[in-house]
Each structure stands twice: as C-alpha cells, then as structure tokens.
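One predicted model, sequence on top.
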Amino acid sequence: MPTLAIQGGQPAKTKPFPAWPIYDEREREALNEVLESGVWWRTPGTKTLAFERAFAAYHQAKHGIAVTNGTHALEVALAAMGIGPGDEVIVPNATFVATASAVLFAGALPVPVDVSADSYCIDPELAEAAINENTKAIIAVHLGGRPADLDQLTAVAQKHGVTLLEDAAHAHGSEWRGRKVGAFGIGGTFSFQASKTMTAGEGGMIISNDDEFERLARSTHDCGRLPGEWFYSHFMYGSNYRLSEWQGAVLLAQLTRLDEQTARRHANGRLLDGALSGIPGITPQSHDRRISRNGHYAYIFHYDKRAFAGVDTGRFVSALEAEGVPTQAPYPPLHALDVFTSGAYRSRLSGAQASARHDFLRQPYPNSEREAWETVWITQNALLGDEEDMGEIAAAIGKIAENARDLI
Ligand SMILES: *Cc1c(COP(=O)(O)O)cnc(C)c1O
C-alpha cells in the first residue's frame with residue numbers, strides 16, 4: 001500500500017490545480033483604460049455602471065447596485081428593507097458572520113435557525129417555526145453555491161408576510177429550476193472578495209427586480225442621493241458604499257468567464273458526487289434535481305470518522321492537504337461565536353430587545369455542528385480542473401481511507 005503523503009509518501013496529486021485568481025489581458029487592458037481615462041471613481045465612470053447592468057442581466061434581474069463588499073451589500077439591502085431596532089431577522093446558523101453582523105449593524109436581532117442535515121442550507125420548516133410578530137425577514141444562504149430550497153422559502157415568506165433576502169455570496173451563476181439565484185425574494189447580495197468565484201480582491205453587489213427596493217438601496221449606497229437630482233441633495237439617510245472604477249473594470253472582465261467557469265465547476269461537482277459516493281464515510285452535500293447549476297464556491301462533503309478508524313476531521317484534512325488537495329475551513333456556527341456567547345452582540349440592540357433572554361442562542365443546533373466540525377470543503381479553484389483531476393481527488397481520499405489506521 002502506498003505511504004500517505006503526510007507520513008513522507010508520494011502525494012496522490014502531482015499535477016497542480018488551476019491557480020486563483022484567474023486573469024489575462026482583459027483585466028490588464030481594462031485597468032489601463034481606467035488609468036488613462038483619469039476617471040477613477042464611480043459617479044462619472046462607465047465601468048462600474050456597465051458591470052452592474054451586465055451582472056444583473058446575467059442573473060436575470062432588473063437592477064444591480066455595486067457596493068464595496070458583500071458585507072456592505074447585506075447592510076445596504078437591510079437598510080432598504082427598513083430593518084431596524086425591535087425587528088428580528090431569521091438567518092441560517094451555518095454561515096459566515098456577515099449574514100448576522102449585517103443584521104446587528106441595522107440594530108436588529110439575528111435569529112439563527114439550524115440548517116438541513118444534508119444540504120447545510122437553512123431548514124425552511126425551522127425558519128417558519130421561528131417566525132413571530134417581530135420577524136421582518138429571512139436571509140437564505142446558498143452554502144458552497146448550493147441553492148437553499150427556494151420553493152419552500154418563498155412559500156414560507158409569502159404565507160407569513162416576511163421578506164426573503166438571498167445572501168448569494170457563494171452562488172454567482174447558481175441556478176434553481178433554470179433561473180439564476182438572487183432575485184427570488186426581494187433581492188440578493190453577492191461578494192467579490194478574493195476567495196469568491198469572481199473577484200476584484202474586494203467588492204459586492206445587490207440585485208433585485210423590485211423598483212422601490214432598488215431606489216432605496218441605490219440611495220443608501222450613495223449618501224442618500226437620488227439619480228438625476230442635484231449632487232448635494234440628500235433625500236434620506238445614506239453612506240458611501242460605492243465601488244471604484246478599478247474594481248468595476250476588473251469585475252466586468254471576470255464576468256466574461258463566469259458562465260464557462262460555473263458550468264465547469266458544476267460538471268466537476270457532479271463527477272465528484274459519483275466518485276466519492278463509493279467511499280464509505282464520505283457523503284457529498286446533497287444535490288437536488290431542481291438545482292440546474294451549482295456555482296460551487298466550494299465542494300462540501302460530510303466526513304464520518306467512524307469509517308476512517310476514528311481519525312478526527314482535522315487530521316483527515318491535514319492528510320488530504322498533504323496529498324495535494326486544497327481545502328478551506330468550514331464556518332463555526334453563529335451561536336458559538338464569541339460575539340454571541342459573550343453577549344457583546346447586545347450593544348447593537350436597544351429597548352426590550354437588548355435585555356431579552358434570547359434562549360434560542362442556547363438551543364442545540366445539531367446540523368450546524370455537523371457542518372462546522374464534520375464537513376470538508378475543497379476550494380473552488382480545484383473544481384476548475386479536468387476530469388482527471390476529479391479522479392485524483394477521489395483517489396487521494398480513497399488512499400487515506402485505506403491507510404486510515406496509520407493516522408491514529
Ligand atoms: C464572503 C461572504 C460574505 C461577505 O462578503 P465580503 O465581501 O467578504 O464582505 C457574506 N456572506 C457570506 C456567506 C460570505 O461567504
């Protein structure tokens with residue numbers, strides 16, 4: 001039996017995966033054009049505006065508002081939704097902190113609910129059960145690019161008169177029933193941070209089909225201004241969340257590759273689903289036939305250590321990395337973050353909400369724990385490889401399975 005790479009053997013994977021970020025002359029020329037034009041900021045510029053329109057159109061949405069990052073996209077969206085003190089917003093417990101911190105920034109209470117056991121996306125039934133008279137919205141997160149159950153979430157939101165917002169920071173180009181994600185509810189937010197599947201280092205976007213939401217979000221992101229009005233008229237509370245022309249230019253170039261790249265990640269993801277399902281103890285994040293495309297910010301699978309001689313997840317991940325397969329850490333559950341366990345989050349709240357018990361933060365969240373401590377995330381650039389690469393990922397995991405006893 002070959003020796004594991006972590007113990008000095010040959011790595012299973014020798015051919016490197018595509019490096020991320022990917023760029024070429026398109027980015028270089030676009031940046032140079034901005035440089036020489038002398039127009040480097042959003043307001044009189046053309047690049048960020050063109051990117052907003054192209055990104056929204058690609059996602060089958062009417063409006064796009066480019067902002068500084070994905071966290072700010074959530075903040076601006078929540079402001080446009082009128083979320084504020086006394087309100088509650090339901091969020092999945094398994095997500096990046098921004099989904100909840102944006103709610104706190106609005107002065108409202110994020111209410112984490114558990115995710116489904118196999119999709120790691122918000123459980124629509126638990127979301128429905130958490131709705132009360134203070135609930136204003138549900139934020140769905142398409143974890144790893146896999147769309148949450150948008151049929152059920154839309155139905156729950158409509159039934160109870162709450163607003164659905166999609167945090168699509170992982171899901172550029174993902175589709176549910178043949179339609180791009182992001183505008184199933186009032187709108188959706190995206191991130192262009194360095195690890196995401198389109199990037200300018202930093203950046204964000206809000207898309208929507210709702211004209212009034214768009215008007216309020218656009219004004220919020222530009223100091224309370226309104227399009228067509230005098231520069232120094234400020235109609236409502238706003239701040240400066242504008243994206244620069246440099247980033248707009250780079251993202252316009254990145255967008256030209258998105259369709260081909262997401263098609264490839266989706267196809268490779270399904271190849272891995274097939275190849276890994278034969279390995280005892282490995283269970284890929286559930287696919288769903290309504291997901292016509294998964295943009296795959298990551299490839300996520302559940303790791304059951306009982307099938308690997310009891311080797312814990314961290315040790316397995318180290319062994320996998322040594323074999324040449326890149327991974328990234330899953331999210332710890334929101335309720336276990338210091339900001340919640342210490343009570344620090346209460347400084348953003350006011351009135352009765354600031355001192356209420358919030359017992360939900362102390363409930364068990366078994367599936368979020370499963371996501372946090374028992375899943376493995378292969379980074380998205382690996383999914384840009386070819387069929388042979390996917391076979392080699394499966395072979396690396398198979399090799400660890402066969403040699404698991406050596407890791408104890
Ligand atoms: C990355 C991310 C964000 C925040 O985006 P930034 O651009 O890093 O601010 C929000 N939600 C999720 C789920 C993310 O992964």
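Arrived safely.

closest point of this structure to the ligand, which residue?
residue 70 (2.4 Å; CB to the nearest ligand atom). C-beta here means a position set from N, CA and C on the backbone, and glycine is covered the same way.

What's the separation between that residue and residue 53?
19 Å (CB to CB, to the nearest Å).

Look at those two and report which has more neighbours.
In this view residue 70 and residue 53 are compared by other CB atoms under 10 Å, and residue 70 has more residues nearby, 27 against 13.

So for the residue nearest to that one when sequence neighbours are not counted, what's the pLDDT?
Distances taken as CB to CB, 6 or more residues apart in numbering place residue 191 nearest to residue 70, at 2.6 Å, with adjacent residues excluded. The model reports residue 191 with a pLDDT of 98.

what bridges to residue 191?
residue 204 (DSSP bridges).

Would you agree it is in contact with residue 203?
Yes: the criterion here is CB atoms under 8 Å, and residue 191 meets it with residue 203 at 7.3 Å.

Report the set of residues contacting both of those two.
Counting by CB atoms under 8 Å, 6 or more residues apart in numbering, the common neighbours of residue 191 and residue 203 are residue 69.

What pLDDT is listed against residue 258?
Looking at residue 258, its pLDDT stands at 98.

do residue 66 as well
pLDDT for residue 66: 98.

what does the one 10 residues further on give?
With respect to pLDDT, residue 76 has a value of 98.

Number of residues surrounding it?
Neighbourhood size, residue 76 [other CB under 10 Å]: 28.

quick one: which helix or strand includes it?
helix 70-80 (DSSP states H and E).

CA-only coordinates of that helix in PDB, if you can.
Taking C-alpha atoms only, helix 70-80 is exported to PDB below (Å, rounded to 0.1, in the frame of the first residue of the first chain):
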ATOM      1  CA  GLY A  70     -20.500  41.600   0.400                       C
ATOM      2  CA  THR A  71     -21.000  42.600   4.000                       C
ATOM      3  CA  HIS A  72     -21.900  46.100   2.900                       C
ATOM      4  CA  ALA A  73     -24.300  44.600   0.300                       C
ATOM      5  CA  LEU A  74     -26.200  43.000   3.100                       C
ATOM      6  CA  GLU A  75     -26.200  46.200   5.200                       C
ATOM      7  CA  VAL A  76     -27.500  48.300   2.300                       C
ATOM      8  CA  ALA A  77     -30.100  45.700   1.400                       C
ATOM      9  CA  LEU A  78     -31.400  45.500   5.100                       C
ATOM     10  CA  ALA A  79     -31.500  49.300   5.200                       C
ATOM     11  CA  ALA A  80     -33.500  49.400   2.000                       C
END
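
Tell me which other helices or strands it touches.
strand 63-67, helix 98-105, strand 163-167, strand 187-191, strand 204-208, helix 211-221 (3 or more CB pairs under 8 Å, 6 or more residues apart in numbering; DSSP states H and E).

Pipe these into a markdown table and attach mean neighbour count and distance to the ligand per row.
As requested, the helices and strands packed on helix 70-80 are arranged in a markdown table below (neighbours: other CB atoms under 10 Å; distance: least, CB to the nearest ligand atom, whole Å):
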| stretch | mean neighbour count | distance to the ligand |
| --- | --- | --- |
| strand 63-67 | 27 | 9 |
| helix 98-105 | 24 | 4 |
| strand 163-167 | 26 | 5 |
| strand 187-191 | 29 | 3 |
| strand 204-208 | 30 | 5 |
| helix 211-221 | 21 | 14 |
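
Distance to residue 271 for these - can I get that in a markdown table?
Listed next are the helices and strands packed on helix 70-80 as a markdown table, based on distance: least, CB to CB, whole Å:
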| stretch | distance to residue 271 |
| --- | --- |
| strand 63-67 | 32 |
| helix 98-105 | 30 |
| strand 163-167 | 27 |
| strand 187-191 | 26 |
| strand 204-208 | 30 |
| helix 211-221 | 39 |
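
Determine the number of other residues adjacent to residue 323.
Residue 323 has 23 nearby residues by other CB under 10 Å.

Was I right to think it contacts residue 4?
Yes: using CB under 8 Å, residue 323 makes contact with residue 4 at a distance of 7.4 Å.

Okay, buried residues for stretch 364-377 please.
365, 367-372, 374-377 (16 or more other CB atoms under 10 Å).

All the helices of the protein, residue numbers only.
25-37, 47-58, 70-80, 98-105, 124-129, 150-160, 211-221, 245-276, 313-322, 338-341, 351-355, 366-374, 387-402 (DSSP state H).

near the ligand, which residues of this structure?
Selection of the chain residues close to the ligand by CB under 6 Å from any ligand atom yields 69-71, 95-96, 98-99, 141, 167, 169-170, 191, 193, 204.

go again using 8 Å as the cut-off
69-74, 95-96, 98-99, 102, 141, 143, 167, 169-170, 189, 191-193, 195-196, 202-204, 297 (CB under 8 Å from any ligand atom).

circling back to that earlier point, chain center to the helix holding residue 76: distance?
Here helix 70-80 is found 14 Å from its chain centre; the criterion is CA atoms, centre = their mean, to the nearest Å.

and what of stretch 11-24?
The answer for stretch 11-24 is 22 Å, by CA atoms, centre = their mean.

which outside residues touch it?
Taking contacts as CB under 8 Å, 6+ apart, the residues outside stretch 11-24 that touch it are 2, 5, 194-195, 199, 250, 253-254, 257, 261, 322-326, 379-382, 384-385, 388-389, 392-393, 395-396, 399.

Which among the residues you listed count as buried?
5, 195, 199, 250, 253-254, 257, 261, 322-326, 379-382, 384-385, 389, 392-393, 396, 399.

Low-confidence stretches in the stretch 301-408 of the chain?
The model of the stretch 301-408 of the chain has no residue with pLDDT under 70.

so which of the buried residues of stretch 364-377 comes closest to residue 304?
Proximity of the buried residues of stretch 364-377 to residue 304 (CB to CB) peaks at residue 374, which lies at 7.2 Å.
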